[in-house]
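> give me a model of this one.
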Amino acid sequence: MNRVVLVACVAALASACGGSGEAGGSGSSSAAGMGGGAASSSASSSGAGIGGHFTGSGGGSVMTPVRAIPNLASITFYERTGGNAPIPYEFTVNGPELTVRAPDPLTPQTANIVGAATEYYDVYYSNVDGTFNLDGSYLTISGSFLYALPAGGGLNLAEISLNYTGKPAEFGNYVASYVALGDNKYEPAVPNCIDGDLMTHTTMGNTVGAAPDQRLRLTLGFQSSSGVPK
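Next comes the predicted model:
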């Protein structure tokens, strides 16, 4: 599992993966695929999974469950599958989507977000490693996508937004951990889901040949719940 200190690297990574993908996404000069992201010419041709994290935990002495943040009204996941902008998927704080981890394998009926064909995603409160925790201080989006190259990689997340009553929304401030899989993943684009720009996104790959319980994944921390990265 690779470690990168986000504070030192996010600027360089964001510059390196500036804008490509399908209609304004992030990654490479390759043609965009069905999942909404571009497959990078530098992406691994291996089907092996890659996991990583930028930090091990939040920096605050006391962490707060996301769903217990004062005045939090809803949470929006901005997912990009084609088009001119990401699609917002908004869920209530204590609704059935975020408070349950859907069983594997994900289907159109059990997924919280359905992107392109075979692109199914689950969203939930979690621990730093993406394991479900109803009172977790992190938010996770994980899922499956069954198209390899030459299709673009799946899990194209632009941002996750905490939507408040009476004050501006809050985007994630660091990627706590992630899993990228397949031959069309593009790991340098991972920081795009915390850059505050809805026109950039991640490209986490595919789950072709993966075990039924193996998912693409992004787990984000927030200033209001997990603090700043150590």
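
> isn't residue 107 right up against residue 119?
No. The pair residue 107 / residue 119 is not scored as a contact, 11.9 Å apart, by C-beta atoms under 8 Å. (Each C-beta comes from the backbone N, C-alpha and C, glycine too.)

> show me which of these two is the more surrounded one.
residue 119 (27 against 12; other C-beta atoms under 10 Å).

> on the pLDDT front, check the more buried one for me.
Looking at residue 119, its pLDDT stands at 98.

> now swap in residue 230 and tell me
71.

> distance of it relative to residue 98?
Per C-beta to C-beta, to the nearest Å, residue 230 is found 26 Å from residue 98.

> equivalent analysis for residue 176, please.
Counting by C-beta to C-beta, the gap from residue 176 to residue 98 is 16 Å.

> are we agreed that residue 188 is in a helix?
Yes. Assessed with DSSP: H, G, I helix; E, B strand; the rest coil, residue 188 lies in a helix.

> how about the spatially most central residue of the chain, what does it touch?
Ranked by distance to the mean C-alpha position of the chain (C-alpha atoms, centre = their mean), the top residue is residue 218 at 3.7 Å. Residues near residue 218 by C-beta atoms under 8 Å, 6 or more residues apart in numbering: 140, 141, 142, 155, 157, 175, 178, 190, 193, 202, 204.

> let's see that with 10 Å instead.
Residues counted as contacts of residue 218 (C-beta atoms under 10 Å, 6 or more residues apart in numbering) are 77, 121, 130, 139-143, 155, 157, 160, 172, 175-180, 190, 193-194, 202, 204.

> then residue 108?
Applying C-beta under 10 Å, 6+ apart, the residues near residue 108 are 114, 117, 118, 119, 120.

> what about the strands in this structure?
2-3, 50-53, 72-79, 87-92, 113-114, 120-126, 138-144, 157-164, 170-171, 174-180, 216-221 (DSSP state E).

> as TSV, those with distance to residue 66 would be great.
As requested, those are exported to TSV (distance: least, C-beta to C-beta, whole Å):
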stretch	distance to residue 66
strand 2-3	24
strand 50-53	18
strand 72-79	7
strand 87-92	12
strand 113-114	18
strand 120-126	6
strand 138-144	6
strand 157-164	8
strand 170-171	11
strand 174-180	12
strand 216-221	10
